[in-house]
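**Q** predicted model, plus sequence, below.
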Amino acid sequence: MRLLPVSLLLACVDPKGEDLPAPLLVPAPGWMEHGEGSYTLDGDTIISVSADGAAAADQLAEALRPATGLALEVVVGGDGGIALELDPSLDLPPEAYTLDVFSDGVTIAASDLAGLFYGTQTFRQLLPAEAASSSRQADPLWRVPVVSIEDEPRFPWRGAMIDVARHFFGPEELERQIDLLALHKFNRLHLHLTDDQGWRIEIRSWPLLAEVGGSTEVGGGPGGYYTQDEYVALVEYAAERHVTVVPEIDFPGHAHAALASYGELNESGEPLDPYTGAPVISTPLWLEGPATSGFVADVLGEVAALTPGAWLHVGGDEAIGVSSAQYGAFIADMQAVVEAEGKTLVGWDEIGVVPLAPPFLTQHWLDEDNARDAVAQGAQLVASPAEHAYLDMEQSTSADYGQTWAGRIDVQDAYDWEPVPVGLDDADVVGIEGAMWSEYIDSRERMDFMLWPRLAAHAEVGWAAADARDWDDFRVRLGAHGERLEVLGVGYYASRQVEWVEP
Ligand code: TNX
């Protein structure tokens, strides 16, 4: 006779299911009560949902089927099992959800689809880490603890920036990171699409930008670019996971790749030689040039047309060699172009000194006074202070690589900071963004190592209420979460600040 595993016997005997420890979630939910007992997913478990929430149900089923091998049939119009309830009349803010696990069923409720999606992301974290695997696990019971959760984000903008200009990363690499971002409840992917070393987006009215400017990268590699079709597909992939892509075309500085593509953008009439060094140079546009303003408008127009999101990031950083009068006039012109395209301007904190009319966003990286100037004009702030948010910085002296100009950023430095500068209010800050500059990051392995687990820390900074954050608590939850990252194949940096749970 085959013996049943003890846990299964217990589950049969005890209708409440076996007790499980309290879940260790990242980011931490706003409120959680852990009870006795558990719910077990089995071959009969359905996911019930109304038609308008079906997308979230299908995504949950697809996330869990490979590892569990369970059918997890999505029953539109059904009830019971794992019940997803999308109800706009619920008294819940955007992106918020409630999640209740009982021994005989699960309810996830939200007033919008994003909230329902985030409820399912939390549900995935209630399961054993192996449930995140893309291959069938011979595992025993897929159980989740009895728990009640009420959860909502602190900030509406929870982002990561990836610099695809210094080194190019193709759509598959970005899709993989989008999946990880969504699991951590991020909702923005800012793509730094252009810089001195490369131009990464096809512009049909100026084809040499991609053909010539896209053919270089740091170190002289082949670079690459997204065709407009590829880019649209990527934006859609992200949107399905409630991530809005924010494209950045960096002007007037960091424009070398454009000037290397077209002679007419240069005073000499000749294209520049390409630049493939790692050190920052920031070649500015030739602002007096007869073709330049038309060029800028064409580029922003095409990028806007590919962008369902509300924002266009125009860079504005490190405009070396541009007078402040020229700089101010140029940024004001860019805002007019962006607005004419129906979008909202985002720029690095240097734009704060330019008189601009709200709405616009300023991304604080270096100079808090600039950021405050922008807020005084009615802007909202995206907080990316380099000393906490720059993901190209070294994590510790024992990490293999990374820059150090903004210091070393280990997980605790990525975690322990307050995005709202002293004297400003939460309402002045739209959210946070970790930024991965890629001068020295040229592979999936390096990207994983620099992004994770620091982005998990940023996820909590952006999502959890300020008074709900606690490093000692986070490091324990992160240690357990590492198992899930491992199962997902993420080559994260195993910081010594955390006791990692081995799978
Ligand atoms: C500063 S941050 C830059 C980037 C570099 C980065 C390297 C910003 C707006 N400009 O051009 O890649 O430092 O850490």
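**A** Perfect, thanks for sending it.
**Q** show me what from the stretch 351-500 of the chain comes close to the ligand.
**A** 365, 390, 392, 403, 437, 439 (Cβ under 6 Å from any ligand atom). Yep, even glycine has a C-beta here, placed from its N, CA and C like the rest.
**Q** any idea which of those residues is closest to the ligand?
**A** The closest of these to the ligand turns out to be W437 (Cβ to the nearest ligand atom; 3.4 Å).
**Q** once you drop chain neighbours, what's closest to the closest one?
**A** In this structure, W437 finds its nearest non-sequential neighbour in D392, 4.2 Å apart by Cβ to Cβ, 6 or more residues apart in numbering.
**Q** what's the neighbour count on that neighbour?
**A** 23 (other Cβ atoms under 10 Å).
**Q** give the contact list for it.
**A** Residues in contact with D392 (Cβ atoms under 8 Å, 6 or more residues apart in numbering) are 402-403, 435-441, 450.
**Q** could you rerun that using 10 Å?
**A** Taking Cβ atoms under 10 Å, 6 or more residues apart in numbering, we find D392 in contact with 163, 166, 386, 401-406, 409, 435-441, 446, 450.
**Q** now swap in G489 and tell me
**A** Applying Cβ under 10 Å, 6+ apart, the residues near G489 are 132-134, 176, 444, 448.
**Q** where does the stretch 251-400 of the chain dip in pLDDT?
**A** Scanning the stretch 251-400 of the chain for pLDDT under 70 picks out no residues.
**Q** thinking again about what came up before, out of the contacts of G489, which end up buried?
**A** Among those, the ones that count as buried by 16 or more other Cβ atoms under 10 Å are 132-133, 176, 444, 448.
**Q** quick one: which of those sit in strands?
**A** Among these, no residue falls in strands (DSSP state E).
**Q** quick one: which of those residues sit in helices?
**A** Of these, the ones assigned to helices by DSSP state H are 176, 444, 448.
**Q** buried ones in the helix or strand in which H481 is found?
**A** Using DSSP states H and E, H481 maps to helix 471-487. Residues 474-475, 477-487 are the ones in helix 471-487 that count as buried (16+ other Cβ under 10 Å).
**Q** tell me the pLDDT of A11.
**A** We have a pLDDT of 47 for A11.
**Q** which SS class is the residue of the stretch 151-300 of the chain at minimum distance from the ligand?
**A** Using Cβ to the nearest ligand atom, the closest approach of the stretch 151-300 of the chain to the ligand is made by V280 at 5.0 Å. Following DSSP: H, G, I helix; E, B strand; the rest coil, V280 is assigned to coil.
**Q** and if you look at K185?
**A** Per three-state DSSP, K185 ends up coil.
**Q** quick one on the thing from earlier: adding pLDDT, write the ones in helices among the buried ones among the contacts of G489 out as CSV.
**A** Shown next, in CSV, are these (pLDDT from 0 to 100):
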residue, pLDDT
R176, 98
R444, 98
D448, 98
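**Q** quick one: list the elements packing against the helix holding H481.
**A** helix 113-126, helix 171-183, helix 411-415, helix 454-463 (3 or more Cβ pairs under 10 Å, 6 or more residues apart in numbering; DSSP states H and E).
**Q** ranking those by burial, who's on top?
**A** Highest mean neighbour count of the helices and strands packed on helix 471-487: helix 454-463, a mean of 27 (counted as mean count of other Cβ atoms under 10 Å).
**Q** for that helix, C-alpha coordinates in CSV please.
**A** Extracted in CSV, the C-alpha atoms of helix 454-463 (Å, rounded to 0.1, in the frame of the first residue of the first chain):
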residue,chain,number,x,y,z
ARG,A,454,17.7,46.4,-4.9
LEU,A,455,14.5,46.8,-6.9
ALA,A,456,12.7,44.7,-4.4
ALA,A,457,13.7,47.3,-1.8
HIS,A,458,12.5,50.1,-4.1
ALA,A,459,9.3,48.2,-4.6
GLU,A,460,8.6,48.6,-0.9
VAL,A,461,9.7,52.2,-0.8
GLY,A,462,7.2,53.0,-3.6
TRP,A,463,4.3,50.8,-2.4
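**Q** what is the orientation angle of it with helix 171-183?
**A** 50 degrees (axes from the mean of the first three to the mean of the last three Cα atoms, to 10 degrees).
**Q** so for helix 454-463, mean pLDDT?
**A** On average, helix 454-463 scores 98.
**Q** same for that helix, what does it pack against?
**A** Short answer (3+ Cβ pairs under 10 Å, 6+ apart): helix 454-463 packs on strand 157-163, helix 171-183, helix 386-389, helix 411-415, strand 429-436, helix 471-487.
**Q** got TSV for the ones you listed, with distance to G119 too?
**A** Formatted as TSV, these follow (distance: least, Cβ to Cβ, whole Å):
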stretch	distance to G119
strand 157-163	16
helix 171-183	13
helix 386-389	27
helix 411-415	24
strand 429-436	20
helix 471-487	17
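**Q** need the three-state assignment for W417.
**A** Relying on three-state DSSP, one would call W417 coil.
**Q** whoops, F295 was the one
**A** Going by three-state DSSP: F295 is helix.
**Q** need the contact list for it.
**A** The contact partners of F295, by Cβ under 10 Å, 6+ apart, come to 203, 205-206, 209, 251, 255, 258, 262, 264-265, 285-286, 289.
**Q** so which of those residues are in strands?
**A** Per DSSP E, the contacts of F295 map to strands at F251.
**Q** considering the contacts of F295, which possesses the most neighbours?
**A** Going by other Cβ under 10 Å, A258 tops the contacts of F295 with 31 neighbours.
**Q** any idea how far T404 is from it?
**A** 30 Å (Cβ to Cβ, to the nearest Å).
**Q** now the angle from the helix or strand L64 falls within to helix 113-126?
**A** Following DSSP H and E, one finds L64 within helix 54-68. Counting by the same axes, to 10 degrees, helix 54-68 lies at 20 degrees to helix 113-126.
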